[in-house]
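Participant: pasting the sequence and the predicted coordinates here, then a few questions.
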Amino acid sequence: MSNANGTQAVDRAARLLSEVVHAPDPVTFTELSEVTGLAKSTTSRLLLALERNHLVRRDDHGRFLPGEMFVSFAWRGGADTSLVAVAQPFLDRLGRATGETINLGVATGNVVEQIAQVDCTYLIGGTNWVGRPVPLHASGLGKVLLAYGAAKLPPGELEKCTARTITSAAALRAELAAIRARGYAVTDEELEAGLIAFAAPVFRYDGAVVAAMSVSAPVSRMTREVAAKAARCCVDEAVGLSAALGHRPRTARRASAL
């Protein structure tokens, strides 16, 4: 025998979920309560249950969006879901945690294409990298993509961008193995003099790496303690984005102290 109160709760939760999923923009708590006609206490209780089960999520302003469950399903089915749109909250959070420049990059041919950026809060280090191709072997993003098989090096010699760029194939292979072991990449003045970056892989539901996320800054601001925090935060947000894309790792990886 069905429980009438239980059925009513399911119907109300489904109504809230439908409003969130079909809304063209994030929806506020007040809007949801008004459009469904539910009491605020009921709306709050049901939204918390939906949020716990990853059916809805909140943006930085507390507005409601479809949750990770819907994003995961869309990626699994090959839907044209915007990676940048899904990644933006994670990039923003990483930017707030570090104050430095944050980038999301993908492999395009034989280079890294940076498809999103959160600008740093400092005057020094505010380069706009979006749309600017950089060599795979000399950048943190590129090293991650190479290490996890999301990109391949072009034939021929490795370009020497600075005096510290890795140009030996053997040395690069060893570096890529080290990246896989610790879960993130470091590029220390290898792309540009005075620039250091940390990058971590972004996985999709099937375990393939589809992008990389990075924190970059002038070396003058990256003390040992600050660098350790930046690497750790980068890995954590990349893990979070990967989970939003449906990835379920056997064990979560955290950046160890540098």
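Facilitator: Received, thanks. Numbers count the residues shown, from 1 in each chain.
Participant: low-confidence regions, the chain specifically.
Facilitator: Counting by pLDDT under 70, the chain contains low-confidence residues at 1-5, 71-81, 123-127, 131, 250-258.
Participant: now with 80, please.
Facilitator: Residue ranges of the chain with pLDDT under 80: 1-6, 60, 67-82, 122-133, 205, 248-258.
Participant: helices along that one, start to end?
Facilitator: 4-22, 29-36, 40-52, 68-76, 83-98, 140-147, 169-182, 224-244 (DSSP state H).
Participant: list the buried residues for the second one?
Facilitator: Residues of helix 29-36 classed as buried: 31-33, 36 (neighbour count, 16 or more other Cβ atoms under 10 Å). For glycine as for every other residue, the C-beta is placed from the backbone atoms N, C-alpha and C.
Participant: touching stretch 159-172 from outside, list them.
Facilitator: 135, 137-138, 146, 153, 157-158, 175, 188-193 (Cβ atoms under 8 Å, 6 or more residues apart in numbering).
Participant: what sits against residue 33?
Facilitator: 39-40, 43.
Participant: swap in residue 98?
Facilitator: By Cβ under 8 Å, 6+ apart, the neighbours of residue 98 are 215, 217, 229-230, 233-234.
Participant: of the residues you listed, which is the most crowded?
Facilitator: residue 215 (30 neighbours; other Cβ atoms under 10 Å).
Participant: can you give me the neighbour number for residue 53?
Facilitator: By other Cβ under 10 Å, 12 other residues sit near residue 53.
Participant: touching, it and residue 69? I think so.
Facilitator: Yes - the criterion here is Cβ atoms under 8 Å, and residue 53 meets it with residue 69 at 7.4 Å.
Participant: start and end of stretch 96-115, how far apart?
Facilitator: 19 Å (Cα to Cα, to the nearest Å).
Participant: so which bits of that stretch are buried?
Facilitator: 97-107, 111-115.
Participant: including distance to residue 242 and neighbour count, could the contacts of stretch 159-172 go into JSON lines?
Facilitator: Output for these, formatted as JSON lines (distance: Cβ to Cβ, whole Å; neighbours: other Cβ atoms under 10 Å):
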{"residue": "135", "distance to residue 242": "25", "neighbour count": "19"}
{"residue": "137", "distance to residue 242": "24", "neighbour count": "25"}
{"residue": "138", "distance to residue 242": "25", "neighbour count": "22"}
{"residue": "146", "distance to residue 242": "18", "neighbour count": "24"}
{"residue": "153", "distance to residue 242": "24", "neighbour count": "14"}
{"residue": "157", "distance to residue 242": "34", "neighbour count": "8"}
{"residue": "158", "distance to residue 242": "29", "neighbour count": "18"}
{"residue": "175", "distance to residue 242": "22", "neighbour count": "19"}
{"residue": "188", "distance to residue 242": "25", "neighbour count": "15"}
{"residue": "189", "distance to residue 242": "28", "neighbour count": "16"}
{"residue": "190", "distance to residue 242": "25", "neighbour count": "25"}
{"residue": "191", "distance to residue 242": "24", "neighbour count": "23"}
{"residue": "192", "distance to residue 242": "28", "neighbour count": "18"}
{"residue": "193", "distance to residue 242": "32", "neighbour count": "11"}
